[in-house]
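**Student:** below are the sequence and a predicted model for it; my questions follow.
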Amino acid sequence: MNILIVESNPDLGLLWQSHVERLGMSVTRTESQSGAAQAIQTEHFDLIVLNLLLEDGSAFAVADFASYRQPQCKVIFVSRSSFFSDGSIFNLCANACAFLPAGTAPEDLAAMAEHYASEPGGTR
């Protein structure tokens with residue numbers, strides 16, 4: 001299973017990466033919309049873990065581009081904001097499979113990544 005992590009904070013991204021890799025998944029990590037777009041163009045991903053509030057670029061642009069280039073790829077959105085806690089993110093992004101608070105324990109985020117990346121239709 002191949003996972004893309006898009007997180008502006010390199011320390012947090014590395015923490016998530018280490019927990020996901022412990023479960024045997026391959027991880028590509030980037031900190032920006034442009035880095036994510038480049039990765040999506042060159043690699044296959046089963047799942048994207050995406051901070052909704054990127055410092056450099058738009059998370060919605062990343063999710064939209066992934067939906068176009070890799071329609072089977074799902075997205076777990078992570079955010080410090082409670083703005084989309086009503087579930088409206090699922091109406092905006094067809095490839096959204098989960099919305100987690102940024103304070104979610106890294107091992108729980110990794111378990112969810114493993115679950116969603118292994119669902120039928122999530123792999124080639």
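**Tutor:** Okay, I see it. Numbering: from 1, shown residues only.
**Student:** just checking, next helix/strand downstream of the helix or strand harbouring Ala39?
**Tutor:** Using DSSP states H and E, Ala39 maps to helix 33-42. Downstream of helix 33-42, the first helix or strand assigned by DSSP H and E is strand 47-51.
**Student:** give the pairing partners of that next one; include direction for each.
**Tutor:** Strand 47-51 has the following sheet partners, assigned by DSSP bridges: strand 2-6 (parallel), strand 74-79 (parallel).
**Student:** list the contacts of the longest one.
**Tutor:** Contacts of strand 74-79 with the rest of the structure, by Cβ atoms under 8 Å, 6 or more residues apart in numbering, involve 7, 46-53, 59, 63, 66, 84, 89, 93, 95-102, 104, 109, 112-113, 116-117, 119, 122. No exception for glycine: its C-beta is placed from N, CA and C like everyone else's.
**Student:** okay, and the helix or strand of the chain with the least pLDDT?
**Tutor:** In the chain, no helix or strand scores lower on mean pLDDT, DSSP states H and E than helix 89-92, which sits at a mean of 70.
**Student:** report how many residues lie close to the closest residue to Thr104 other than its chain neighbours.
**Tutor:** What sits nearest to Thr104 in space, not counting adjacent residues and going by Cβ to Cβ, 6 or more residues apart in numbering, is Val78, at 7.0 Å. When neighbours are counted by other Cβ atoms under 10 Å, Val78 registers 24.
**Student:** check Val20 too.
**Tutor:** Neighbours around Val20, by other Cβ under 10 Å: 27.
**Student:** which pLDDT value goes with it?
**Tutor:** pLDDT recorded at Val20 is 97.
**Student:** after the host helix or strand of it comes which helix or strand?
**Tutor:** Here Val20 sits within helix 10-22, counting by DSSP H and E. Later in the chain than helix 10-22, the nearest helix or strand by DSSP H and E is strand 26-30.
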